[in-house]
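**Q** Got a predicted model here, sequence first, then my questions.
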Amino acid sequence: MLGYTQTVLHSLPDGPDWEEARRDLTAAIAATQRLDKMIGEIVDAARLEARLIVLEPVETELAPIVREAIRKSLRRYPGRIIRASIAHRLPNVETDARRAGQIISILISNAVVFSSEPSPVIVTARPELDRIVIAVEDHGIGLDDQEQSRIFEQFYRPERAREIRREGLGLGLFIADQLAMLLSGRVRATSRGPGQGSTFFFEIPIRLSSAVQTPNP
């Protein structure tokens, strides 16, 4: 459906007579993309609960994965500012590159959606002792202490978040948390309080060759 709608949109003639059809098709494409994302989250959450996620750990350079996640987010949210600060020569890790990228994309998307448009989202990646820490900082709605303790629960969304964005199921951060644990890492969040912005961290051990968890058969 998405491919067909995009084809029809691109085939429309130029001119004001087609402007309404162009707006309707653009809205239909956006709604279909949201639906596709929601279905993907439901499937991933169900597979994580059933321990059916299959990992493919290989030696991986994280810097290109971080940059690609930023590029995808900029395409999805045109006009937003996402700044990157990636340490020179990040150590390689043994991990599932696709799932690591999914975690980073979830954290960036969350930061963009729940922060005001003029403010930038800042993504940093740096080594710390035996791990690499990827941090996503925003200047958005922030979190109180209770929200920080629950933010990675399945279907949980703070009331202030629901006021900003009514669509969505509250599964993105739950999926990021569960995937990080499968990769022998973790995600966590800090905030100075409501209205003070938040920073979400994805921490992944530098040496993982024998530590990556695999689902039970």
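**A** The structure has been received and is ready for your questions. Just so you know, these numbers come straight off a predicted model, no measurement behind them.
**Q** Please make it C-alpha for all contacts and neighbour counts, starting now.
**A** Will do.
**Q** for this protein, what helix or strand is lowest in average pLDDT?
**A** Within the chain, no helix or strand scores below helix 159-164, which has a mean of 71 by mean pLDDT, DSSP states H and E.
**Q** Can you name the next helix or strand after that one?
**A** Per DSSP states H and E, helix 159-164 leads on to helix 172-182 as the next helix or strand towards the C-terminus.
**Q** Convert that next one to CSV, retaining C-alpha atoms only.
**A** Taking Å, rounded to 0.1, in the frame of the first residue of the first chain, the C-alpha atoms of helix 172-182 are listed here in CSV:
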residue,chain,number,x,y,z
GLY,A,172,10.0,1.9,21.6
LEU,A,173,11.9,2.3,24.7
PHE,A,174,10.9,-1.1,26.0
ILE,A,175,12.2,-2.6,22.8
ALA,A,176,15.5,-0.6,23.1
ASP,A,177,15.9,-1.8,26.7
GLN,A,178,15.3,-5.5,25.9
LEU,A,179,17.5,-5.4,22.9
ALA,A,180,20.3,-3.8,24.8
MET,A,181,20.2,-6.6,27.4
LEU,A,182,20.3,-9.2,24.7
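**Q** Between helix 172-182 and whichever helix or strand comes after that helix, find me the angle.
**A** Next along the chain after helix 172-182, taking DSSP H and E as the criterion, comes strand 186-191. Strand 186-191 and helix 172-182 are oriented at 140 degrees to each other (axes from the mean of the first three to the mean of the last three Cα atoms, to 10 degrees).
**Q** Give me the contact list for strand 186-191.
**A** If you take Cα atoms under 8 Å, 6 or more residues apart in numbering as the criterion, strand 186-191 is touched by 142-144, 148, 176-177, 180, 197-204.
**Q** ok but residue 74 is inside a helix, no?
**A** Yes: the assignment for residue 74, made by DSSP: H, G, I helix; E, B strand; the rest coil, places it in a helix.
**Q** The closest residue in space to it that isn't next to it in sequence and residue 138, how far apart?
**A** Residue nearest to residue 74 in three dimensions, not counting chain neighbours: residue 80, with 6.8 Å by Cα to Cα, 6 or more residues apart in numbering. From residue 80 across to residue 138, the span is 12 Å (Cα to Cα, to the nearest Å).
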